[in-house]
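Visitor: curious how this folds, go ahead:
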Amino acid sequence: MILVIDMNFKKDSLAFYEFVLPIVSIIKKSHPFLIKHRSELNSKDIDDCERIILSGTALKDNEFLGCIEDFGWIRKCDKPILGICAGMEVIGLVFGSSLQGCLEIGMKEIRLTRKNSLFSSTFKAYELHSHSLQPSEDFDALAESENCVQAMKHREKSIYGVLFHPEVRNREIMKRFILLPNKQKT
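Guide: Residues are numbered from 1 along each chain as shown. Reported below is the predicted structural model:
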């Protein structure tokens, strides 16, 4: 089962339809899933899943930044995790990365900076964010736009973050994440 974590400011917000349901539309054809709002997440949800996806949020929704400590479980998690936009920010902050301002909206070119299992070349992606991360030493940067790091992977775990929105465009990236082996180094 794939656990999809709704990172939006409240459960059943309008943003749920924009940022969570497109993720579900990709995975529901091939995998069972469970959707949980970040405020309702518990250890059983994490224990019962095979992999985890943290959704993005609306451009001005930064409510998740006030509860980073609620995501401390990510440090100990040995399951594949994909953080999208806000999800990437949370993953990075849990591991000591620094947040910085970086407004990008619309289609942007993403350049590969390191070989990885999710994508293999330069591509265009949909952006909708006002922050970016300077990844901590726990992560390798995988891709960048002209302004900031766009993708990262934990050096020892199958924990990925993408700042762009693959659920909007580049859905094959999400499909590749879903098919990753549970234990992976690259």
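Visitor: quickly note the distance from the closest residue to Met88 other than its chain neighbours to His37.
Guide: Excluding the flanking residues, the one nearest Met88 by Cβ to Cβ, 6 or more residues apart in numbering is Gly161, at 3.0 Å. Glycine gets a C-beta too; all of them are placed from N, C-alpha and C. Per Cβ to Cβ, to the nearest Å, Gly161 is found 20 Å from His37.
Visitor: between those two, which one's more packed in?
Guide: Between Gly161 and His37, counted using other Cβ atoms under 10 Å, Gly161 has the larger neighbour count: 28 against 18.
Visitor: give me the secondary structure label for that one.
Guide: strand (DSSP: H, G, I helix; E, B strand; the rest coil).
Visitor: OK, contacts around it?
Guide: Contacts for Gly161 (Cβ atoms under 8 Å, 6 or more residues apart in numbering) come out as 82-84, 87-89, 91-92, 133, 139, 151-153.
Visitor: which residues touch the residue nearest to the spatial centre of the chain?
Guide: By Cα atoms, centre = their mean, the chain has its centre lying nearest to Gly83, at 1.3 Å. Going by Cβ under 8 Å, 6+ apart, Gly83 touches 53-54, 89-92, 159-162.
Visitor: nearest to Ala15 among these?
Guide: Taking Cβ to Cβ as the measure, Ala15 lies nearest Leu54 of the contacts of Gly83, at 13.8 Å.
Visitor: and that closest one, how many neighbours?
Guide: 27.
Visitor: state the distance from it to Ile5.
Guide: 5 Å.
Visitor: name the residues contacting each of the two.
Guide: The contact lists of Leu54 and Ile5 share Gly87, where a contact means Cβ under 8 Å, 6+ apart.
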